[in-house]
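In: only geometry, no sequence info:
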Ligand SMILES: [Ca+2]
């Protein structure tokens, strides 16, 4: 178990309660510019067991690149070339066939310890696209020795990042090496979402450690800002409570998978539970996703089973339920892609989420906002799946995690 330590300087704004969320809803619905909290979210349905589905003609897994050291994020450019982060701090530009790779210069120093380092990467379109990446940023001055998730961007010119700007810094930085999140999703209207983690500060056994429920900290939140780092119009106003800028939703444990649903435009995320209780969530503005007050998992140190409970248990009024969970064992989600192509029979419209535990690629069939079926593909065959993306060629690309032999793998349709 890690020791939980918090900074003494964290402001203590009021906790978010159901009453305050409802009040926020009423206030926001009466004012311009604010994003209303949907009252229906307060009564979201608990997830039900999902039947297993099975792919009959499974695509073959073709290794394009290997020998990567803990690769974390994969972005595919318009021309099929790829950007891959390594947690140690290296960003690579790969040819479309994965055979050549060149180091990209211009990434600021990262705090490469435990789960921290250079993490996600996404790219806009164009010849010299803006590239956005998340990373564990080392603290300086009075924050020396601490680390926090940050997001930067730069214009990719060949193998050089130009005009590099840090556009987000998680507050506060803490002295722990885990739960940095972090996935970046490009939203509409020049916005950008960042899915964060609680930096493993929230211990359900200790009610004083509720960063994810605290609007005075970025820990355990989804952030929505403009791509240049400025505030995004339309964010929740939290009924006037003191809140750090950019907070879109709260109560998240550790988001390592995120994507926009192409059918609805909504942000979907997957987050790690403690022991079991990994969640797939549809993120709504102003939503409270429960951590560390509610979870389907078990606290560390307790045996999984009927006797264990996180906080106040699985459910609570005013907290948004996941649309599916993994119990009693975690699958450790990382990386997400809605598949919109037509290269694989039966897969169009499916949601794919990588799994570190079980080393699988999960496929979920969907009906609107419901998960109607799911299966673990390639279980134990590819390695720990860290990321999954759809390329401009309509094929799926999988990034696997390993100390010295992380890989970029392309799923090739059977029979081709
Ligand atoms: Ca939750």
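Out: Ah, there it is. Fair warning: this is a prediction, and the values are worked out from it, not measured in the lab.

In: for the closest residue to the ion within the stretch 51-200 of the chain, what are its contacts?
Out: Residue nearest to the ion within the stretch 51-200 of the chain (Cβ to the ion): residue 198, separated by 11.6 Å. No exception for glycine: its C-beta is placed from N, CA and C like everyone else's. Shown in contact with residue 198 (Cβ atoms under 8 Å, 6 or more residues apart in numbering): 179, 211, 212, 219, 220, 252, 253, 254, 291, 292.

In: got those as CSV, with distance to the ion and neighbour count columns?
Out: CSV is the format used below for those (distance: Cβ to the ion, whole Å; neighbours: other Cβ atoms under 10 Å):
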residue, distance to the ion, neighbour count
179, 14, 28
211, 15, 24
212, 10, 28
219, 15, 30
220, 10, 30
252, 7, 28
253, 7, 28
254, 11, 29
291, 6, 30
292, 10, 26
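
In: From residue 112, how far out is the residue of the stretch 51-200 of the chain closest to the ion?
Out: 20 Å (Cβ to Cβ, to the nearest Å).

In: Tell me the confidence at residue 14?
Out: According to the prediction, residue 14 has pLDDT 35.

In: To clarify, my last question referred to residue 210.
Out: 86.

In: what about it, distance to residue 308?
Out: 19 Å.

In: Neighbour count: these two, which is higher?
Out: residue 210 (22 against 17; other Cβ atoms under 10 Å).

In: my guess is that one meets residue 290, correct?
Out: No: contact criterion Cβ atoms under 8 Å: residue 210 and residue 290 do not qualify, at 11.1 Å.

In: re the thing from before, redo the contacts of residue 198 as CSV? Include secondary structure.
Out: Below are these laid out as CSV (DSSP: H, G, I helix; E, B strand; the rest coil):
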residue, secondary structure
179, coil
211, helix
212, helix
219, coil
220, coil
252, coil
253, coil
254, strand
291, coil
292, coil
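
In: re earlier: for the residue of the stretch 51-200 of the chain closest to the ion, which non-adjacent residue is spatially closest?
Out: If the residues on either side of it in the chain are set aside, residue 198 comes closest to residue 220, at 4.0 Å by Cβ to Cβ, 6 or more residues apart in numbering.

In: Find me the pLDDT at the one you found, would you?
Out: 98.

In: can you check the one 3 residues further on too?
Out: The per-residue pLDDT reported for residue 223 equals 98.

In: which regions of the protein sit below the pLDDT cut-off?
Out: Filtered on pLDDT under 70, the chain yields the residue ranges 1-43, 207, 304-306, 416.

In: how about the residues of it that lie near the ion?
Out: 279, 289, 290 (Cβ under 5 Å from the ion).
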